[in-house]
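**Q** structure for this input, please:
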Amino acid sequence: MSFCSRADLLSGTPAAGTGVRAEAYVFLPVPKRLWRAQEMNPGWASTEELAAIAAARRGGVVTRLYNPPKAQTPHDHAILLHAAPGRTAPGLQPLLDALAHRWKLEPNPAPRLAICTHGTRDRCCAKWGFAAYSAALKLFQAGGSPFEPIESSHLGGDRFAATGIFFPSGSMYAHLDSLDLAALTASEAAGRIEPAHYRGRVFEAPLAQVVRAGLAREGLLNDASAPLRLRRDPPDAPRVTVTAANGRRFEVDLAQVEVSFFASCDKLAEHKPAAGRRTVYAGARVLDAAG
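**A** Predicted coordinates for the structure are as follows:
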């Protein structure tokens with residue numbers, strides 16, 4: 001049996017810039033047996049709730065499901081919210097209002113690692129995603145990680161399984177199962193990223209994700225969440241000027257590469273690859289500190 005995530009891992013196709021962007025991520029406590037291939041379904045949600053979820057998505061909110069721990073009672077189940085610092089998604093409050101009759105909102109967001117284990121969508125997420133979740137849970141229970149893992153529905157990109165997002169930074173990674181999870185969680189806990197298999201910070205645009213990964217890979221700047229200010233003039237210029245939160249400035253070269261990949265295990269079995277162009281980091285120069 002072939003797996004699209006193993007094909008992607010072997011291909012070395014760049015992952016930076018593929019973080020699924022949103023102003024906020026909302027995770028709803030729905031048992032995994034109700035997820036189906038499409039997790040937003042009438043098996044657990046009303047027509048009004050599904051409409052509110054769709055409207056929230058248009059307003060910049062990504063809604064996903066998580067499998068509530070067996071030790072919890074339904075009374076303990078809560079909506080988990082992780083939002084971009086300093087920004088408010090217009091679709092967020094209407095969504096929370098529509099779901100308030102069903103669940104409470106977690107009052108103080110805890111450090112968390114959401115891992116896709118949505119096996120009814122793609123078998124990679126069942127095999128590699130659940131393996132990564134199990135390892136993360138053992139690490140958390142042993143006190144080796146501050147990030148409580150949750151089993152999440154589809155996070156985006158079956159071929160990247162095991163896929164996970166660290167909160168509060170919003171760092172999204174591909175192929176978690178192939179990384180040293182203890183070292184990765186230590187880096188995230190210290191406010192740094194691990195450039196290998198880094199997809200991007202989900203609270204920022206793809207270009208910023210590419211730049212953040214490239215600067216970290218070269219050892220020039222490694223920060224998981226401090227703001228980056230980018231200036232690219234004209235919009236299709238082959239370089240961008242970057243100003244970090246600490247005032248350091250860089251001129252970053254960009255390049256375009258052709259990529260080919262299998263978006264799912266089904267596409268791999270049918271040998272139907274997808275193709276596209278990807279902006280990648282091509283080097284940087286340190287400029288004088290901002291005045």
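**Q** and the pLDDT at residue 289?
**A** pLDDT for residue 289: 61.
**Q** phi, psi of residue 272?
**A** Per-residue torsions, residue 272: phi -120, psi 80 (degrees, to the nearest 10).
**Q** got it, and residue 105?
**A** Dihedral angles (degrees, to the nearest 10) for residue 105: phi -100, psi 130.
**Q** that one contacts residue 93, correct?
**A** No. Counting by C-beta atoms under 8 Å, residue 105 stays clear of residue 93, with 10.8 Å between them. Heads up, the C-betas are built off the backbone N, CA and C, glycines and all.
**Q** so what's the residue count around the residue nearest to residue 58 when sequence neighbours are not counted?
**A** In space, and not counting its chain neighbours, residue 58 is closest to residue 91: 6.4 Å by C-beta to C-beta, 6 or more residues apart in numbering. Number of residues near residue 91 (other C-beta atoms under 10 Å) recorded here: 23.
**Q** cool, and residue 110?
**A** Residue 110 has 12 neighbours, counted by other C-beta under 10 Å.
**Q** which residues touch the closest residue to it other than its chain neighbours?
**A** Closest residue to residue 110 apart from its sequence neighbours, by C-beta to C-beta, 6+ apart: residue 148 at 5.9 Å. Residue 148 sits next to 110-113, 140 when contact means C-beta atoms under 8 Å, 6 or more residues apart in numbering.
**Q** got those as CSV, with distance to residue 258, secondary structure and pLDDT columns?
**A** Listed next are those as CSV, based on distance: C-beta to C-beta, whole Å; DSSP: H, G, I helix; E, B strand; the rest coil; pLDDT from 0 to 100:
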residue, distance to residue 258, secondary structure, pLDDT
110, 41, coil, 91
111, 38, coil, 96
112, 36, strand, 97
113, 33, strand, 98
140, 40, helix, 97
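**Q** out of these, who's nearest residue 268?
**A** residue 113 (26.8 Å; C-beta to C-beta).
**Q** I figured the closest one hits residue 185, correct?
**A** Yes. Under the criterion of C-beta under 8 Å, residue 113 makes contact with residue 185 at 7.4 Å.
**Q** overlap in contacts, these two.
**A** Common neighbours of residue 113 and residue 185, using C-beta under 8 Å, 6+ apart, are 136, 145, 147, 166.
**Q** check contacts around the residue nearest to residue 58.
**A** 55-61.
**Q** in helices only, show me those.
**A** Counted as lying in helices by DSSP state H, out of the contacts of residue 91, are 55-58.
**Q** out of those residues, grab the one that's most surrounded.
**A** residue 56 (26 neighbours).
**Q** shouldn't residue 123 be in contact with residue 2?
**A** No. Look at residue 123 against residue 2 with C-beta under 8 Å: they stay out of range, at 9.8 Å.
**Q** rounded mean pLDDT for stretch 248-258, please.
**A** 95.
**Q** what residues sit buried inside it?
**A** For stretch 248-258, a neighbour-count test (16 or more other C-beta atoms under 10 Å) marks 248-250, 252, 254 as buried.
**Q** next, residue 235: phi, psi?
**A** Per degrees, to the nearest 10, the backbone of residue 235 is at phi -60, psi -20.
**Q** what do you get for residue 231?
**A** phi -130, psi 120.
**Q** count of neighbours near it?
**A** Neighbours of residue 231 using other C-beta under 10 Å come to 10.
**Q** leaving out chain neighbours, which residue sits closest to it?
**A** Per C-beta to C-beta, 6+ apart, closest to residue 231 is residue 241, 4.6 Å.
**Q** so what's the one you found scoring on pLDDT?
**A** 96.
**Q** wasn't it part of a strand?
**A** Yes. Assigned with DSSP: H, G, I helix; E, B strand; the rest coil, residue 241 falls within a strand.
**Q** which residues are in contact with it?
**A** 230-232, 249-252, 287.
**Q** bridged to it, which residues?
**A** On the basis of DSSP bridges, residue 241 is bridged to residue 231, residue 251.
**Q** now do residue 79
**A** Beta bridges link residue 79 to residue 105, judged by DSSP bridges.
**Q** all helices of the stretch 1-150 of the chain, in order?
**A** Counting by DSSP state H, counting those that start in this stretch, the stretch 1-150 of the chain has helices at residues 4-11, 47-58, 92-99, 123-124, 130-141.
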